[in-house]
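Chemist: heads up, no residue letters with this:
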């Protein structure tokens with residue numbers, strides 16, 4: 001097939017992955033509402049996986065709440081979903097010339113609170129997690145260095161510090177982590193000699209000069225009332241030496257970035273509301289054919305974002321794991337205190353860089369335990385992302401969204417630390 005998605009998710013996968021899609025939609029809306037005037041990058045898949053690590057250790061109403069948030073009916077269904085996403089949507093292709101992808105889970109328990117055997121076997125066998133005992137109470141510095149070294153290794157050193165010794169207290173028993181790394185070259189590269197500065201219109205009405213990547217030819221673009229969508233594909237695995245060829249199956253991952261650009265300079269918030277109005281909106285509005293471009297430009301940007309997402313998860317309905325009513329008794333051995341094991345915080349950090357060569361992105365999440373519209377046809381299409389826009393990196397065959405965010409100022413690439421509380425009203 002040409003001019004569209006080579007392999008849409010099968011009916012079975014769409015049904016089993018609908019919970020993940022619903023989670024992505026809800027958390028995207030909440031995070032965007034919480035930080036509407038700042039740049040953002042996050043990995044909904046990383047946050048989903050970090051919460052999923054709680055499920056094998058939870059019981060009763062606590063387990064029910066976790067499964068309900070994640071959109072599945074049982075631990076078995078969740079474990080099957082995580083296994084398929086890791087195998088299908090997060091398959092590394094770097095050895096054959098495709099994107100470099102890494103997905104890893106880690107669990108660190110205090111040496112005084114050993115993990116229960118069944119929990120350890122599940123996270124190691126199903127989630128492929130690394131499990132290590134550390135000394136949070138007696139040597140917090142060493143524990144932090146070990147966790148940060150793991151994050152740096154998985155994310156190609158894009159994220160080197162996710163915790164510090166001050167992250168742990170005398171009651172810290174377990175730290176759960178998930179990290180995702182993605183690096184891909186554009187299928188149709190941009191040439192540095194064509195990159196030119198031009199004004200980018202910010203939400204406050206001011207402009208800032210930013211380097212815009214440019215090329216010509218044909219691109220996957222769809223035009224709708226009020227917004228346009230651009231799909232930039234990443235390079236697929238190439239033929240092997242000596243005439244051997246890669247066996248491209250329907251399950252071969254195909255990664256792309258899509259940019260949702262509102263027509264109005266101040267239209268980002270309204271467009272995000274549309275995108276998050278239902279889980280299927282994004283995929284229903286992906287371009288399915290290439291068009292010849294007229295004026296074309298996409299800004300280079302490098303963003304870093306970190307925040308506790310515990311209030312976001314509470315807003316989405318996950319309450320019991322964070323309070324005295326938590327039942328995570330299947331996770332660690334009983335210490336005889338009679339006090340429940342509770343989740344103290346869920347911290348997320350993500351980094352993304354988009355340039356002429358392609359995209360490099362990473363995310364880490366740690367948990368401390370204490371209606372379809374028709375595109376308008378047009379002969380040539382301009383696409384100049386010179387004002388705030390939303391973007392998503394996704395795998396086409398499974399539909400899994402790996403990274404998401406928005407750009408309101410491409411010149412502001414510093415590390416953003418956001419305290420996320422209740423969503424804005426209005």
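Modeler: That came through fine. Keep in mind that what you see is a predicted model, and the values were worked out from it rather than measured.
Chemist: most remote residue from this structure's center?
Modeler: Each residue of the chain has a distance to the centre, and by CA atoms, centre = their mean the biggest one is for residue 336: 38.5 Å.
Chemist: measure that residue to residue 325 for me?
Modeler: Distance of residue 336 to residue 325, computed by CB to CB, to the nearest Å: 20 Å. For the C-beta atoms, the positions are set from N, CA and C on the backbone; glycine is no exception.
Chemist: which residue sits closest to residue 227, ignoring its sequence neighbours?
Modeler: Among residues not flanking residue 227 along the chain, residue 262 sits closest, at 4.9 Å (CB to CB, 6 or more residues apart in numbering).
Chemist: hang on, residue 76 in a strand?
Modeler: No. Assessed with DSSP: H, G, I helix; E, B strand; the rest coil, residue 76 is helix; it does not lie in a strand.
Chemist: quick one: residues contacting the residue farthest from the centre of the chain.
Modeler: Applying CB atoms under 8 Å, 6 or more residues apart in numbering to residue 336 gives no contacts.
Chemist: low pLDDT regions in the stretch 201-350 of the chain?
Modeler: Along the stretch 201-350 of the chain, segments meeting pLDDT under 70 span 238-253.
Chemist: what segments of it are helices?
Modeler: Counting by DSSP state H, counting those that start in this stretch, one finds helices in the stretch 201-350 of the chain at the ranges 268-275, 281-284, 310-315.
Chemist: which residues does residue 130 contact?
Modeler: 104-107, 124, 150.
Chemist: which pair in those residues spans the largest distance?
Modeler: The span of those, defined through CB to CB, is set by 124 and 150 at 14.6 Å.
Chemist: which one's more surrounded, the two?
Modeler: The neighbour count for residue 124 versus residue 150, taken as other CB atoms under 10 Å, is higher for residue 150 (19 against 15).
Chemist: you'd agree that one is up against residue 106?
Modeler: Yes. Contact criterion CB atoms under 8 Å: residue 150 and residue 106 qualify, at 5.3 Å.
Chemist: okay, and the common contacts of those two?
Modeler: Jointly contacting residue 150 and residue 106 under the rule CB under 8 Å, 6+ apart are 130, 177, 179.
Chemist: ramachandran coordinates for the second one?
Modeler: The phi and psi torsions at residue 177 (degrees, to the nearest 10) take the values phi -140, psi 150.
Chemist: check the first one too.
Modeler: Per-residue torsions, residue 130: phi -90, psi 130 (degrees, to the nearest 10).
Chemist: for it, give me the pLDDT.
Modeler: Turning to residue 130, the model gives it a pLDDT of 89.
Chemist: same question, the last one
Modeler: Turning to residue 179, the model gives it a pLDDT of 85.
Chemist: now for the residue lying closest to residue 111 once chain neighbours are set aside, how many residues are close by?
Modeler: Once flanking residues are discounted, residue 111 sits nearest to residue 133: 4.6 Å by CB to CB, 6+ apart. Other residues near residue 133 come to 15 when the count uses other CB under 10 Å.
Chemist: over to residue 155?
Modeler: Residue 155 has 26 neighbours, counted by other CB under 10 Å.
Chemist: show me what the longest helix seen in the chain is packed against.
Modeler: Across the chain, the longest stretch assigned as helix under DSSP state H is helix 18-34. Applying 3 or more CB pairs under 8 Å, 6 or more residues apart in numbering; DSSP states H and E, we find helix 18-34 packed against strand 40-42, helix 44-52, helix 60-70, helix 268-275, helix 310-315, strand 401-407.
Chemist: and for that helix, what's in contact with it?
Modeler: Here helix 18-34 makes contact (CB under 8 Å, 6+ apart) with 40, 42, 44-45, 47-48, 69-72, 81, 85, 269, 272-273, 275-276, 278-281, 309, 312, 315-316, 390, 399-401, 404, 406, 418, 420-421, 423-424.
Chemist: quick check: buried residues in that helix?
Modeler: 19-21, 23-34 (16 or more other CB atoms under 10 Å).
Chemist: please apply the same query to stretch 380-395.
Modeler: 381, 383-395.
Chemist: with pLDDT, distance to residue 161 and secondary structure added, can I get those residues in a markdown table?
Modeler: Listed next are the buried residues of stretch 380-395 as a markdown table, based on pLDDT from 0 to 100; distance: CB to CB, whole Å; DSSP: H, G, I helix; E, B strand; the rest coil:
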| residue | pLDDT | distance to residue 161 | secondary structure |
| --- | --- | --- | --- |
| 381 | 89 | 43 | strand |
| 383 | 96 | 37 | strand |
| 384 | 96 | 37 | strand |
| 385 | 97 | 31 | coil |
| 386 | 97 | 34 | coil |
| 387 | 97 | 33 | coil |
| 388 | 97 | 29 | coil |
| 389 | 97 | 29 | strand |
| 390 | 97 | 28 | strand |
| 391 | 96 | 25 | strand |
| 392 | 96 | 26 | strand |
| 393 | 93 | 23 | strand |
| 394 | 91 | 28 | strand |
| 395 | 88 | 28 | strand |
